[in-house]
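Asker: Got a sequence here, can you build the structure:
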Amino acid sequence: MDKEVTISGFVNNPGIYQFYDNMNLGDLILLSGGIIGKRKNVKAEISRKSNNPDNTQVFNLEFYSDYKSFFDNKNVSISFPLKNGDLVNIFIHDIAEYRKVQIIGEVMFPGQYVLDGNG
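Answerer: Numbers count the residues shown, from 1 in each chain. Below is the predicted model:
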């Protein structure tokens, strides 16, 4: 494949898929067979290489996963545009139940992280 995107985590068929123009997060989730189980609260973490090989952008998106959300084009997170080479990881836990920390500034991987164990 010349152009590809990768999805892992809680989808039915994780793997590498051919990237096509105007592909969005919802398209990739559907190609991969959808979210495992009937979980509603979903987090997607998208890692993207920039023009600088030492710099990776990380986007954290949370959305409510139901059949209608994938087809009404109103969900901003599901409509998030993908780029060639993106790595997508899907989490299904309700992130609101976990203790979180936000890392910002001049760091390699800014974003929101869930604390392990007792933090």
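
Asker: okay but I104 is in contact with Y113, surely?
Answerer: No: at 11.5 Å, I104 does not count as touching Y113 under the criterion of C-beta atoms under 8 Å. From N, CA and C alone the C-beta is placed, and that goes for glycine too.

Asker: quick one, which of these two is more surrounded?
Answerer: A count of neighbours by other C-beta atoms under 10 Å puts Y113 above the other of I104 and Y113, at 15 against 8.

Asker: From the chain's centroid, how far away is the host helix or strand of that one?
Answerer: Using DSSP states H and E, Y113 sits within strand 111-114. Relative to the chain's own centre, strand 111-114 is displaced by 13 Å; criterion: C-alpha atoms, centre = their mean, to the nearest Å.

Asker: helices or strands up against that strand?
Answerer: Packing partners of strand 111-114 (3 or more C-beta pairs under 8 Å, 6 or more residues apart in numbering; DSSP states H and E): strand 56-64, strand 100-103.

Asker: Grab the nearest non-local neighbour of the residue most central in space within the chain.
Answerer: The chain has A44 as the residue nearest its centroid, 2.7 Å off, counting by C-alpha atoms, centre = their mean. Leaving out its chain neighbours, the residue that sits closest to A44 by C-beta to C-beta, 6 or more residues apart in numbering is L61, at 4.7 Å.

Asker: again with M108
Answerer: Take M108 and drop its neighbours on the chain: the residue closest to it by C-beta to C-beta, 6+ apart is T56, 6.9 Å away.

Asker: Tell me who's in contact with the one you found.
Answerer: The contact partners of T56, by C-beta atoms under 8 Å, 6 or more residues apart in numbering, come to S47, R48, K49, S50, M108, F109.

Asker: Quick check: beta-bridge partners of it?
Answerer: Per DSSP bridges, the residues bridged to T56 are K49.

Asker: switch to numbering from 441
Answerer: OK, 441 is where the count begins now, so the last one is T496.

Asker: Cool, thanks, talk later.
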